[in-house]
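**Q** Structure for the following, please:
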Amino acid sequence: MAVIPGGPDWASIMTAFGTVGAVVAALGIAVWSERRTDTRLTAERAHSDQQLREERDRADARVQAERDTARAREQLAEAYAVQVSVAAIRREVSRLDNSWVDAGDWQEAPAAVLVNGGQYTITGIDTRFCYPESGQVAGHRTAQRVSSMARLPAPLAGDLSPLTTDLDASVLTPADVGVRFYGEFAEPGARPRVYPVARWTDQWGTRWEHRRGQVRPVQDGEPWRP
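**A** The predicted structure follows:
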C-alpha cells in the first residue's frame, strides 16, 4: 500500500483494527466458553442433585418397606397371641319348666373363651357361633369379662368387687384374665356341632378374625360367614 506523505498511516490503522478485533474475538470466545462451562456445571449439578434425590427416595422406600414388613409380622404375631378356645356350658332341665323332658335331661350352650396373650390392648371384641350343619351364624347370648383385678394380691383385692358394664367384654388388656361368651342353649339332650368366630381390633386399627385356629385381617362391617 502506498503511503501518501502527510496522510494517515493506514498500515498502523489496520494493524490497530486487527489488534482490537483479535481482542474482541478473544473476549467473545472467553465469554462463550465461560457461559458454556457455567451451563455444563449447572446441568451437572442438577443431574447430581436428581441422583441424590432418587437415591434418598429409594433409601426411604427401602426403610419404609422394612418397617411395614416388621409391623406386619408383629401384627400377625400379636393376632395369633389372642387365644380363642371353644367350650360348652351345661344345665339340667327342670320338669317344672318343661314337663315333656325326662328327669336328668340337660341342655348345652356353646361358649368361647378369649385370652389376650399379646403385648397390647385389643378392642371391639365380638364373637359369633357358627353351626356348620345348618349354616346358621348366631350371636352370643351374654358375655363375662374377668379383669386384671382377679390377679391382684389379696391385701389389695380384699373387700372390693369389680365394676362391670356391657362394654367391658369388648376390651381386653394384656393384664386381664380373659372374657367368656355364651351362646343359646340347645334342645334338651342335643349337642349340635358348633364353633366360635371371634373378631377384635389391634392397636394399629386393623380388624382381625379368628376362625378354627387361623387368623386373618377383615374389613369393618364384613359379614359373618359360617
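
**Q** Look up how far Arg225 lies from Val93.
**A** Using CB to CB, to the nearest Å, Val93 is found at 32 Å from Arg225. C-beta coordinates here come from the backbone N, C-alpha and C atoms, glycine included.

**Q** which of the two has more neighbours?
**A** Shown here are Val93 and Arg225; by other CB atoms under 10 Å, Val93 has more neighbours (19 against 11).

**Q** Am I right that the more buried one is in contact with Ala186?
**A** No - judged on CB atoms under 8 Å, Val93 makes no contact with Ala186 at a distance of 11.0 Å.

**Q** between the two, what contacts are shared?
**A** By CB atoms under 8 Å, 6 or more residues apart in numbering, Val93 and Ala186 have these common neighbours: Gln107.

**Q** What are the boundaries of the helices in the protein?
**A** Per DSSP state H, the chain carries helices over the ranges 10-80, 154-157.

**Q** Which of those helices comes out lowest on mean pLDDT?
**A** Least confident of the helices of the chain, judged by mean pLDDT, is helix 154-157 with a mean of 66.

**Q** Near the residue nearest to Pro110 when sequence neighbours are not counted, how many residues? Count them for me, please.
**A** Spatial nearest neighbour of Pro110, chain neighbours left out: Gly183 (4.1 Å); criterion: CB to CB, 6 or more residues apart in numbering. Gly183 has 23 neighbours, counted by other CB under 10 Å.

**Q** Likewise for Val115?
**A** Counted with other CB under 10 Å, Val115 comes out at 17.

**Q** who's it bridged to?
**A** Gln83 (DSSP bridges).

**Q** Let me see the confidence value for it.
**A** For Val115, pLDDT reads 96.

**Q** What distance do you get for Trp204 to Arg36?
**A** Here the criterion is CB to CB. By it, Trp204 lies 56 Å from Arg36.

**Q** With Arg216 instead?
**A** The gap separating Arg216 from Arg36 is 63 Å, by CB to CB.

**Q** what's the first-to-last distance across stretch 179-189?
**A** 27 Å (CA to CA, to the nearest Å).

**Q** One more: stretch 185-192?
**A** By CA to CA, one end of stretch 185-192 lies 10 Å from the other end.

**Q** Pull out the buried positions in that stretch.
**A** Using 16 or more other CB atoms under 10 Å as the test for burial, stretch 185-192 gives Phe185, Ala186, Pro188.

**Q** By pLDDT, give me the weakest of these.
**A** Here the lowest pLDDT out of these sits on Pro188, with 80.

**Q** Run through the residues that contact the nearest residue to that one once chain neighbours are set aside.
**A** The shortest distance from Pro188 to any residue other than its chain neighbours is 4.3 Å, reached at Asp105 (CB to CB, 6+ apart). When contacts are counted by CB under 8 Å, 6+ apart, Asp105 touches Glu92, Val93, Pro188, Gly189.
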